[in-house]
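1. Provided below for reference: sequence and predicted model.
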Amino acid sequence: MALYQVKIAYDGSEFFGFQRQGEARTVQLEIENSLRKIGWDGQTITAAGRTDTGVHASGQVIAFDFEWKHSEEALKKALNANLPEDVAVHAVKVANEVFHPRFEAISRCYHYRIYCQPTRDPLRDRYAWRVWPPVSFQDLQLAAKELIGTHNFAAFGSPPKKGGNTIRTIFEANWVSHPEEFLFQIKANAFLYHMVRKIVFLQVKIAQGVWTLDQLRDGVHHQVGQLPGLAIPNGLVLVQVQYQNKIFDE
């Protein structure tokens, strides 16, 4: 028996999130079903994070115990052969016996894409948020800078457990301008529930002139309530989970 750590990617459009929810189609359920098809008799896999309905991932990390008598590459191929087209295993390694993909993670990085256009674009809307009126890129950048550091982010999300700690450290937060779209990159030690989508929503509203930098600062530094709303899940991707000892080549 060995503990395997696995890097996966998925298109979250047709999933009710990552975490198993009865018979609802979730990423966890599909992975566990594929494992059982190749002889796994475990109860559950563990993951670095639980993405919401519609959220995607290119660097999610999971772990599970498995008595597998073949190579890591063979396990990767066997899993991919039994997974649906919207989930893929990208890397497999044997972990140390105490590895936990969530508790040992030192940072998570998410990307969020937006584009500004008065009418919808069906070919882009699966992976980006269409916003209109257009945004000021300069204001997006200014808003992102306000988020960096260790703060009580209670005004931007809720903890995994009721009454839990809401202090988080954001290491990086910035916007990059690409042709016809803007990309938000954020890296933190951990995130509250809905925190990234709330942050994106508020930055967009600031860049549209609906909210202000001062109001955002009040939320960051004094936990003052913020404008209600969330960015849609479609534009959000979990791109990387980092550990003290790199487990995959990045």
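-> Received the coordinates, thanks. Residues are numbered from 1 along each chain as shown.

2. quick one: the strands in the protein?
-> 2-10, 46-47, 56-66, 87-94, 105-116, 129-131, 149-152, 167-178, 181-188, 236-243 (DSSP state E).

3. for the first one, packing partners?
-> Using 3 or more Cβ pairs under 8 Å, 6 or more residues apart in numbering; DSSP states H and E as the contact criterion, the neighbours of strand 2-10 among helices and strands are helix 27-37, strand 56-66, helix 72-82, strand 87-94. For glycine as for every other residue, the C-beta is placed from the backbone atoms N, C-alpha and C.

4. now for the second one, which elements pack on it?
-> So that's strand 56-66. In terms of contacts (3+ Cβ pairs under 8 Å, 6+ apart), strand 56-66 is packed against strand 2-10, helix 27-37, strand 46-47, strand 236-243.

5. Can you tell me the strand partners of the shortest one and which way each runs?
-> Think strand 46-47. Strand 46-47 pairs in its sheet with strand 56-66 (antiparallel), by DSSP bridges.

6. Give me the angle between the strand it pairs with and strand 105-116.
-> Taking axes from the mean of the first three to the mean of the last three Cα atoms, to 10 degrees, one finds strand 56-66 and strand 105-116 inclined to each other by 150 degrees.

7. in strand 56-66, what's buried?
-> If you call a residue buried by 16 or more other Cβ atoms under 10 Å, then strand 56-66 has these buried ones: His56, Ala57, Ser58, Gly59, Gln60, Val61, Ile62, Ala63, Phe64, Asp65, Phe66.

8. what's the answer for stretch 85-103, then?
-> Asp86, Val87, Ala88, Val89, Ala91, Val92, Ala95, Phe99, Pro101, Arg102.

9. cool, and stretch 231-242?
-> Buried residues in stretch 231-242 (16+ other Cβ under 10 Å): Ala231, Ile232, Pro233, Asn234, Gly235, Leu236, Val237, Leu238, Val239, Gln240, Val241, Gln242.

10. Let's have the helices and strands packed on strand 2-10 in a markdown table, adding mean pLDDT and distance to Phe191.
-> Converted to a markdown table, these look like this (pLDDT from 0 to 100; distance: least, Cβ to Cβ, whole Å):
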| stretch | mean pLDDT | distance to Phe191 |
| --- | --- | --- |
| helix 27-37 | 98 | 18 |
| strand 56-66 | 98 | 14 |
| helix 72-82 | 98 | 27 |
| strand 87-94 | 97 | 22 |
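
11. Serialize those to JSON lines and add fields for distance to Asp139.
-> Below are the helices and strands packed on strand 2-10 laid out as JSON lines (distance: least, Cβ to Cβ, whole Å):
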{"stretch": "helix 27-37", "distance to Asp139": "35"}
{"stretch": "strand 56-66", "distance to Asp139": "26"}
{"stretch": "helix 72-82", "distance to Asp139": "43"}
{"stretch": "strand 87-94", "distance to Asp139": "36"}
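
12. Show me the one of those that comes nearest Tyr115.
-> For Tyr115, the closest of the helices and strands packed on strand 2-10 is strand 56-66, at 16.1 Å, according to Cβ to Cβ.

13. Off-centre distance for that closest one?
-> 12 Å (Cα atoms, centre = their mean, to the nearest Å).

14. returning to what we had before: Glu30 is nearest to which of the strands of the chain?
-> Closest approach to Glu30 among the strands of the chain is made by strand 87-94 (5.5 Å; Cβ to Cβ).

15. Please save the CA atoms from that closest one in PDB.
-> Output in PDB follows, covering the C-alpha atoms of strand 87-94 (Å, rounded to 0.1, in the frame of the first residue of the first chain):
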ATOM      1  CA  VAL A  87     -11.000  15.500 -16.100                       C
ATOM      2  CA  ALA A  88      -7.400  14.600 -16.600                       C
ATOM      3  CA  VAL A  89      -4.400  13.300 -14.500                       C
ATOM      4  CA  HIS A  90      -1.300  15.200 -15.400                       C
ATOM      5  CA  ALA A  91       1.200  13.800 -12.900                       C
ATOM      6  CA  VAL A  92       1.500  11.000 -10.300                       C
ATOM      7  CA  LYS A  93       4.100  10.400  -7.600                       C
ATOM      8  CA  VAL A  94       4.400   8.300  -4.500                       C
END
